[in-house]
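Participant: for reference, the sequence and a predicted model appear below.
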Amino acid sequence: MIPGSFDYYRPTTFAEAAALLARHGDEARLLAGGHSLIPMMKLRMAAPAHLVDLQGIAEAKGISVTAGEAVIGAMTTQHDLITHAGLAAALPLVREAALQIADPQVRYLGTVGGNVANGDPGNDMPGLMQCLDAAFELVGPNGQRQVRARDFYLGLYETARAEDEILARIRIPVPSGKVSYAYEKQKRKIGDYATAACAVTLQLDGGAVTDAAIAMTNLADRPVFVADAAAALVGGPPDATRLAAAVAAMQAAIDPGADNRGPVEFKRHVAGVMLRRAVARAVERAS
Amino acid sequence: MHVTMTVNGRRVEALAEPRTLLVHFLREELRLTGTHIGCETSHCGACTVDLDGKSVKSCTVFVAQANGAEVTTIEAMAAADGTLHVLQEMFREHHGLQCGWCTPGMIMRAHRLLQENPSPTEAEVRFGLSGNLCRCTGYQNIVKAVLAAAAAMNAQQEAAE
């Protein structure tokens, strides 16, 4: 369990980190909290020659919440997300999901940026960010650009981030009206990835759903944002007919693989259960 | 690389490869073998130490990342004269340890938990210790010990005020 050798860098600005990436190309990897990359390095499934640790970049950390938007630095840890009162008030779904990630020790180091940028379909934050319609701000040699979370994930460990770009911060719109929410995750034990998980946001008016967003986790090679399933809920109360339509639309969009968390049919079933539970809890919270 | 950190209040300097895991650095370079290596895959929590006020699994931290940091290990818990820390004392009293494999990690994690939440409920203790595995399955008594330590520490605090 000893990783390969590497040169270590701790830049203090994004510009410095980007220059290191430009110089070392695909021999360099960015290190955030390290709780995905270091296990891979110990297994020698990753062996970067140059490791660029982002912990020294002060502007990469922190949370600011204003009336319309929450801005979260990429190096903000899950622990920081959980303990930030302003974020919990503005976007409680983030805290609810963060509490279900890994275990306390991992959450002290694991970062939101690493979680969303790694492109691992098992990670919980990507689906959540799609549900909240977050945007990812990337810095690179040609300046900054934003990519919506809904457009960011291209495949297994494949994202819209170019190799010479760094995720700097995440921007999440804070809704002005009342939005209900839930993150439901089925896992075998603490620290496990989801067998299936579902993020839901709902707006209700007199019991009728007026707006919804739904995203599924670990049920394909990328997070699955299912606009059809959300649309199936809108226009009336979330009754049995609408829920069945939403589950059917979701099940048509996911593509789970069989693994030690279960066969495909089981995962499809659990995905349906998670969606139903998430909607039920969101509705309960709205009342 | 040249590494400098404060370990248990003592400034240490050493030459180390950046890839050295913090747990190996503590055990092999500094000879602080109280921190145990369990699964080495960041599951079991036996290697938990305090790093800049956070509980971390030292098998999943490179020494390079900890350069300049402040580290506390189980060796710093008892007083210099050998008097046990309240947590250690309560683990002893409530049979919170059997084989001892998980104990240093359990105590370091419980220590940080009680710093952040001095009066946890039983559910909060269980959630707070969920990153630590006891292979003897002695969780019941571990939770009892942590709750007893919290009560004892709060009583000490009140007596001091």
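Facilitator: Arrived safely.

Participant: tell me, how many residues neighbour B:Cys47?
Facilitator: 29 (other Cβ atoms under 10 Å in any protein chain shown). C-beta coordinates here come from the backbone N, C-alpha and C atoms, glycine included.

Participant: just the pLDDT for it.
Facilitator: Listed pLDDT for B:Cys47 reads 98.

Participant: okay, A:Ile214 and A:Arg171: tell me how far apart.
Facilitator: From A:Ile214 across to A:Arg171, the span is 21 Å (Cβ to Cβ, to the nearest Å).

Participant: what about the two, which has more around it?
Facilitator: Using other Cβ under 10 Å as the criterion, A:Ile214 and A:Arg171 rank with A:Ile214 on top: 29 against 16.

Participant: tell me the mean pLDDT for the helix or strand containing the more buried one?
Facilitator: Using DSSP states H and E, A:Ile214 maps to strand A:208-217. Strand A:208-217 comes out with an average pLDDT of 98.

Participant: same thing with stretch B:112-121?
Facilitator: Mean predicted lDDT for stretch B:112-121 stands at 98.

Participant: report the distance from that stretch to the chain centre.
Facilitator: Centroid separation for stretch B:112-121 versus its chain: 14 Å, with Cα atoms, centre = their mean, to the nearest Å.

Participant: ditto for stretch A:226-240
Facilitator: Using Cα atoms, centre = their mean, the offset of stretch A:226-240 from its chain centre is 23 Å.

Participant: which residues in chain B form helices?
Facilitator: Secondary structure of chain B (DSSP state H): helices at B:22-24, B:86-93, B:103-116, B:122-128, B:139-160.

Participant: quick check: closest non-adjacent residue to B:Leu129.
Facilitator: Closest residue to B:Leu129 apart from its sequence neighbours, by Cβ to Cβ, 6 or more residues apart in numbering or on different chains: B:Arg109 at 5.9 Å.

Participant: residue contacts, that neighbour?
Facilitator: A:104-105, B:45, B:48, B:55, B:128-129, B:131-132 (Cβ atoms under 8 Å, 6 or more residues apart in numbering or on different chains).

Participant: how about the helices of chain B in JSON lines, adding distance to A:Val247?
Facilitator: Listed next are the helices of chain B as JSON lines, based on distance: least, Cβ to Cβ, whole Å:
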{"stretch": "helix B:22-24", "distance to A:Val247": "46"}
{"stretch": "helix B:86-93", "distance to A:Val247": "48"}
{"stretch": "helix B:103-116", "distance to A:Val247": "39"}
{"stretch": "helix B:122-128", "distance to A:Val247": "31"}
{"stretch": "helix B:139-160", "distance to A:Val247": "37"}
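
Participant: out of those, which gets nearest to A:Pro39?
Facilitator: helix B:22-24 (13.9 Å; Cβ to Cβ).

Participant: flag every residue of the stretch 151-287 of chain A that's near chain B.
Facilitator: Residues of the stretch 151-287 of chain A lying close to chain B by Cβ under 8 Å from any Cβ of the partner chain are A:190-191.

Participant: which residues touch the residue in the stretch 151-287 of chain A positioned nearest to chain B?
Facilitator: Across the stretch 151-287 of chain A, the shortest distance to chain B (Cβ to the nearest Cβ) belongs to A:Ile190, at 4.4 Å. By Cβ under 8 Å, 6+ apart, the contact set of A:Ile190 is A:102-103, B:130-131.

Participant: with pLDDT, neighbour count and distance to A:Val270 added, can I get the residues you listed in a markdown table?
Facilitator: Shown next, in a markdown table, are the contacts of A:Ile190 (pLDDT from 0 to 100; neighbours: other Cβ atoms under 10 Å in any protein chain shown; distance: Cβ to Cβ, whole Å):
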| residue | pLDDT | neighbour count | distance to A:Val270 |
| --- | --- | --- | --- |
| A:Ala102 | 97 | 23 | 20 |
| A:Asp103 | 98 | 24 | 22 |
| B:Ser130 | 98 | 17 | 22 |
| B:Gly131 | 98 | 25 | 24 |
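
Participant: can those residues go into TSV with extra columns for distance to B:Thr20?
Facilitator: Listed next are the contacts of A:Ile190 as TSV, based on distance: Cβ to Cβ, whole Å:
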residue	distance to B:Thr20
A:Ala102	24
A:Asp103	24
B:Ser130	28
B:Gly131	23
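
Participant: go through those and say which is closest to B:Pro120.
Facilitator: B:Ser130 (12.7 Å).

Participant: can you tell me the closest non-neighbouring residue to that closest one?
Facilitator: In space, and not counting its chain neighbours, B:Ser130 is closest to A:Ile190: 4.4 Å by Cβ to Cβ, 6+ apart.

Participant: circling back: now, the contacts of B:Arg109 that are in strands?
Facilitator: Within the contacts of B:Arg109, membership in strands is found for B:48, B:55, as judged by DSSP state E.

Participant: wait, does the host helix or strand of A:Ala22 contact chain B?
Facilitator: Element membership for A:Ala22, per DSSP H and E: helix A:14-24. No. With Cβ under 8 Å from any Cβ as the criterion, chain B is not reached by helix A:14-24; the gap is at least 14.3 Å.

Participant: quick check: what element follows that helix along the chain?
Facilitator: Sequence order places strand A:28-31 as the next helix or strand after helix A:14-24, per DSSP H and E.

Participant: that next one pairs with which strands?
Facilitator: Strand A:28-31 has the following strand partners under DSSP bridges: strand A:50-53 (parallel).

Participant: got phi/psi on the residue of chain B found nearest chain A?
Facilitator: The nearest approach of chain B to chain A comes at B:Gly131, 2.9 Å away (Cβ to the nearest Cβ). Backbone geometry at B:Gly131, expressed as degrees, to the nearest 10, gives phi -90, psi 10.

Participant: of all the helices of chain B, which one is nearest A:Asn142?
Facilitator: The nearest among those, by Cβ to Cβ, is helix B:22-24 at 36.9 Å.

Participant: what sits up against that closest one?
Facilitator: Applying Cβ under 8 Å, 6+ apart, the contact partners of helix B:22-24 are B:35, B:37, B:47, B:49, B:51, B:56, B:58-59, B:61-63, B:65-66, B:71.

Participant: now the two most distant members of the residues you listed.
Facilitator: Between any two of those (Cβ to Cβ), the greatest distance is 17.8 Å, for B:Ile37 and B:Gln65.

Participant: out of those two, which sits in the more crowded spot?
Facilitator: The neighbour comparison of B:Ile37 against B:Gln65 (other Cβ under 10 Å) goes to B:Gln65, with 24 against 17.

Participant: the more buried one contacts A:Gln55, correct?
Facilitator: Yes. Counting by Cβ atoms under 8 Å, B:Gln65 does reach A:Gln55; the two are 6.7 Å apart.

Participant: shared neighbours, the two?
Facilitator: Counting by Cβ under 8 Å, 6+ apart, the contacts common to B:Gln65 and A:Gln55 are A:Leu31.

Participant: how about the residues of chain B by chain A?
Facilitator: Neighbours of chain A within chain B, by Cβ under 8 Å from any Cβ: B:1, B:17-19, B:21, B:40-43, B:45, B:48, B:54-57, B:59-62, B:64-65, B:67, B:109, B:113, B:127-131.
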